[in-house]
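# need coordinates for the following:
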Amino acid sequence: MRNKILILGAIAFVAYVVGSRSVTVKKSESVPHQLVRMRDERRTKKDREKKAKKIAADVKGIAKDVRKRFS
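Numbers count the residues shown, from 1 in each chain. All right, here's what the predicted structure looks like:
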């Protein structure tokens, strides 16, 4: 029984070591750099502008409804 526990422990340890060594972490750009890049891209700028216009139009519509209800 003791030998089985030692064998299972050794297998678990070896699996842990092999698994931890096999993972390679790619060096990627930093989060602040990603945010700057996303801010400066043309497509994202256009998307943000479109969303802002849509939200502004929705707010104007809601404001009109609220004014009508309270007047």
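# least trustworthy helix or strand in the protein by mean pLDDT?
helix 31-40 (a mean of 82; mean pLDDT, DSSP states H and E).
# so where's the longest helix in this protein?
The residue-count maximum for a helix in the chain (DSSP state H) belongs to helix 42-70.
# now that helix against helix 31-40, angle please.
70 degrees (axes from the mean of the first three to the mean of the last three C-alpha atoms, to 10 degrees).
# re the thing from before, can I get the least confident helix or strand of the chain as CSV, trimmed to CA atoms?
C-alpha atoms of helix 31-40 as CSV (Å, rounded to 0.1, in the frame of the first residue of the first chain):
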residue,chain,number,x,y,z
VAL,A,31,-1.6,46.2,-21.6
PRO,A,32,-1.0,50.0,-21.8
HIS,A,33,0.5,49.5,-25.2
GLN,A,34,-2.6,47.5,-26.3
LEU,A,35,-4.9,50.3,-25.0
VAL,A,36,-2.9,53.0,-26.9
ARG,A,37,-3.0,50.9,-30.1
MET,A,38,-6.7,50.2,-29.8
ARG,A,39,-7.4,53.9,-29.2
ASP,A,40,-5.4,55.0,-32.2
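# the residue nearest to Arg37 when sequence neighbours are not counted in helix, strand or coil?
In space, and not counting its chain neighbours, Arg37 is closest to Glu29: 7.6 Å by C-beta to C-beta, 6 or more residues apart in numbering. The C-beta positions use only the backbone N, C-alpha and C, and glycine is treated the same way. Assigned with DSSP: H, G, I helix; E, B strand; the rest coil, Glu29 falls in the coil class.
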